[in-house]
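Enquirer: coords please:
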Amino acid sequence: MKKRLKNKTKPRKNADNWIYGYHAVISAIKNDNRVKYRLILDQGAKKKLDKEPNIIIPKSLTVSIKEKNEIQKLFSSKVNHQGIALEIEKLPQLKLQDFVKKFLDTHKSTVAILDQLEDSQNVGAIFRSAYGLGIDAIILTENQTVSENSFIAKTAAGGLDKIPYTTVTNISSAIKVLQENEFWIYGLDGSSNKIMSDIKFPKKTALVLGSEAEGMRSITKNLCDEVFKININKNLESLNVSNAAAITFFYLNNR
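Expert: The predicted structure follows:
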């Protein structure tokens, strides 16, 4: 771990915004787009960080060594912080058209759209699977969707700072922008007559995942070019959305 000389930190836009967990914090430190203020860690995490390859602690970042119980006091409930926490600002969000131009390849890209997912664990798990299984970007809807938080960051195990994402206010407009950029829109819906292997996915694919409780909304389903389901045991009603996402991501990555 290389440490640059400290410099005066700039004023915080949203103080007391912490993420925790080793992989989440390391990924945030390495993310040049992430504004970072304070790194607090215990001796065990420091020893591990000192051995971390290719990491430079920004000169603007204040570093403090604390005991585990002192780190726990940063959070309102008990968390598995693994002896490390980082005060940050939430990542800046781009307008979708700018996001598409900056992060998505013009010939082959796969995007996941999370429509009204409210469970932080599911969202974090989807980010983790998306990064591990070749999804290029994630789009979240603003309404009735959980926003970036420390639990998502921990569950994503670094994926939150590794895979580009943005938030949109109107899913209909977002899908229109994607279609204008030659994406085909596919919805994952357990009531569909088509199974995943029936679909010949194109090089530019956007996959819509509906909410945990209701699944895909009718308005969203009508915007899709096609909908499909995962072929599961008939005695099982459905899969958890994060599990369904991981299966579909794997299929798309190996198509």
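
Enquirer: remind me which residues of the protein are low pLDDT?
Expert: 1-16 (pLDDT under 70).

Enquirer: one more time with 90, if that's ok
Expert: When the per-residue scores of the chain are filtered using pLDDT under 90, the ranges that remain are 1-16, 54, 59-60, 76-77, 106, 143-147, 190-191, 211-216, 233-238, 254-255.

Enquirer: Where do the helices of it begin and end?
Expert: Under the criterion DSSP state H, helices of the chain are mapped to 22-30, 43-50, 68-72, 96-103, 120-132, 150-156, 171-180, 218-221, 241-253.

Enquirer: Make TSV from those and add mean neighbour count and distance to residue 187 to it.
Expert: C-betas here are computed from N, CA, C, even on glycine. Conversion of those to TSV gives the following (neighbours: other Cβ atoms under 10 Å; distance: least, Cβ to Cβ, whole Å):
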stretch	mean neighbour count	distance to residue 187
helix 22-30	22	30
helix 43-50	15	42
helix 68-72	15	42
helix 96-103	16	18
helix 120-132	23	15
helix 150-156	24	23
helix 171-180	17	10
helix 218-221	15	6
helix 241-253	19	11
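
Enquirer: and residue 209, which of the ones you listed is closest to it?
Expert: helix 241-253 (5.6 Å; Cβ to Cβ).

Enquirer: wait, which of the helices of the chain is closest to residue 229?
Expert: helix 241-253 (9.0 Å).

Enquirer: that older thread, present the helices of the chain as JSON lines; the columns should include distance to residue 56.
Expert: Converted to JSON lines, the helices of the chain look like this (distance: least, Cβ to Cβ, whole Å):
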{"stretch": "helix 22-30", "distance to residue 56": "8"}
{"stretch": "helix 43-50", "distance to residue 56": "12"}
{"stretch": "helix 68-72", "distance to residue 56": "23"}
{"stretch": "helix 96-103", "distance to residue 56": "24"}
{"stretch": "helix 120-132", "distance to residue 56": "22"}
{"stretch": "helix 150-156", "distance to residue 56": "21"}
{"stretch": "helix 171-180", "distance to residue 56": "36"}
{"stretch": "helix 218-221", "distance to residue 56": "43"}
{"stretch": "helix 241-253", "distance to residue 56": "31"}
